[in-house]
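okay, sequence plus prediction incoming.
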Amino acid sequence: MDVESFLLGAVYYYGLFIGLSTFEFDWNTGRVFTSKLSTLYPLATDSCIFILYIYHWTGNTYIANAIFSKANMLHEYVVIIMTGLKIATGLFTLIHRWYQRSEMMILTAKVLRMFMARPQVKRMSRWGILIKFISGSVTDGLQMAMVLNTMGSVDSQFFLGLGLLYWMSVIANMAIVQQYMIMLFVRTQFQLLNTELRQVIEDTKELQLSRRHQGVFITRCCSLADQLENIARVQSQLQTIVNQLEKAFDIQGALIYGGYYLTSVGNSYMAYSIFKHGYENMNMALSTVILMFLWCFFYYLDGMLNLRVMLHIQDDYQEMIQILGERTLFVGLDVRLEEAFENLNLQLIRNPLEIKVIELYSVTRSTTMAMFGNLFTHSILLIQYDMEHF
């Protein structure tokens, strides 16, 4: 078994173990199915989570005191908002997965069919899978270490709340990993299509320079037209997958984006508080500070990987349009080949690929930079408020 197959299998079984995945599939046959295990086990696991949260509904109110020991009111408000959003994201993800079980099965079947048709995608995605696996595992591991680090400083009731918070974070993170893997495969498929399209363009250029026999010329034109039609078919399937994935993760995507945003503002303020007062004056252990800063590093690295793959998909799509633009240099081609070029061009123009969050926020480089600017501004405002009132 190769490394990428092992990592994909680990992600698959871990999703089943934590109660996120509600169906199974076979990598070898592409069959997507439900079973008693994939139905009853996540149902029991998710029910336990909700029951424990009902039992411990008010446990996270003073979570800031468990981390800092000496926390002012603003610290508590910031941590409560960050914690509440994490809990809401995790619980919504569980409910949403059951609600969209059929849609997710259909989407998974489409991805697997394309995956089996082009098995080289797995090999080409090796480094993307490996880096994501490492960043996600280290992020969850550091968060678990922070939870265990509080043992002895809090009672069992509060420790239960921290454990449930960790569970919600793991569920949200695993949902992001699953989305990332699909987007990574889509991006690799686009890379393959661009390579094939470049080859078609080069073959067409050579065909124009060596028009010796009419029969051979027409045969090669038909072969190139078949290749273009296959590229257009695969591109349409990839765009359908992106659109379905966007709908499946619409509200969850908004919660995750909001979580990254608010967590970034909150972490900036917490880092300022530590440097302002000193971790000793806030009764924090050095191990807690180190774990928090390490977790922040890998947390944002993990988020940048998610953002990077979405931006690269749009770059590959634009590259396809640029490659196809070279068709204007061709004259005197067979009618069917010219129609294949034109149909692919119209397909790309009429239905441009866009990645949005609940049809309101487009994920592009410009909007990302604007978000970073707003994040920086809101962090400064929060710090200024602390300087004036605390």
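Sure thing, it's come through.

who's in contact with Leu333?
By Cβ atoms under 8 Å, 6 or more residues apart in numbering, the contact set of Leu333 is 204, 207-208, 221, 341. For glycine as for every other residue, the C-beta is placed from the backbone atoms N, C-alpha and C.

using the three-state scheme, assign it.
With DSSP: H, G, I helix; E, B strand; the rest coil as the basis, Leu333 sits in coil.

if we can go back for a sec, now, the contacts of Leu333 that are in helices?
Among the contacts of Leu333, the members found in helices (DSSP state H) are 204, 207-208, 221, 341.

only the buried subset of these, as a PyMOL command please.
In PyMOL, this line selects whichever of the ones in helices among the contacts of Leu333 come out buried by 16 or more other Cβ atoms under 10 Å:
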select buried, resi 204+207+221+341
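
pLDDT and distance to Gly90 added to the ones in helices among the contacts of Leu333, as CSV?
Putting the ones in helices among the contacts of Leu333 into CSV (pLDDT from 0 to 100; distance: Cβ to Cβ, whole Å) gives the following:
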residue, pLDDT, distance to Gly90
Thr204, 85, 52
Leu207, 79, 57
Gln208, 75, 58
Cys221, 84, 56
Phe341, 88, 48
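
Ala88: which of the ones in helices among the contacts of Leu333 is nearest?
Ala88 lies nearest to Phe341 out of the ones in helices among the contacts of Leu333, by Cβ to Cβ, at 48.9 Å.

OK, contacts around Val289?
274, 279.

mind checking which helix or strand the residue nearest to Thr93 when sequence neighbours are not counted is in?
Spatial nearest neighbour of Thr93, excluding adjacent residues (Cβ to Cβ, 6 or more residues apart in numbering): Ala175 at 5.0 Å. Using DSSP states H and E, Ala175 sits in helix 156-209.

count the residues that sit near Leu197.
Residues near Leu197, counting by other Cβ atoms under 10 Å, number 21.

so what's it up against?
Listed by Cβ under 8 Å, 6+ apart, the contact set of Leu197 reads 228, 231, 320, 323-324.

ok, now with 10 Å
Each residue near Leu197 by Cβ atoms under 10 Å, 6 or more residues apart in numbering is listed here: 227-228, 231-232, 235, 319-320, 323-324, 326, 344.

likewise Phe23?
Counting by Cβ under 10 Å, 6+ apart, Phe23 touches 16, 32-35, 38-39, 42, 97, 101-102, 104-105, 108.

tell me the two of those that are most distant?
Leu16 and Ser102, at 18.0 Å, using Cβ to Cβ across the contacts of Phe23.

which of those two has more neighbours?
A side-by-side neighbour count of Leu16 and Ser102, using other Cβ under 10 Å, places Leu16 first with 17 against 10.

for the strand or helix carrying that one, packing partners?
Using DSSP H and E, Leu16 maps to helix 3-17. In terms of contacts (3 or more Cβ pairs under 10 Å, 6 or more residues apart in numbering; DSSP states H and E), helix 3-17 is packed against strand 24-25, helix 36-55, helix 120-124, helix 126-149, helix 156-209.
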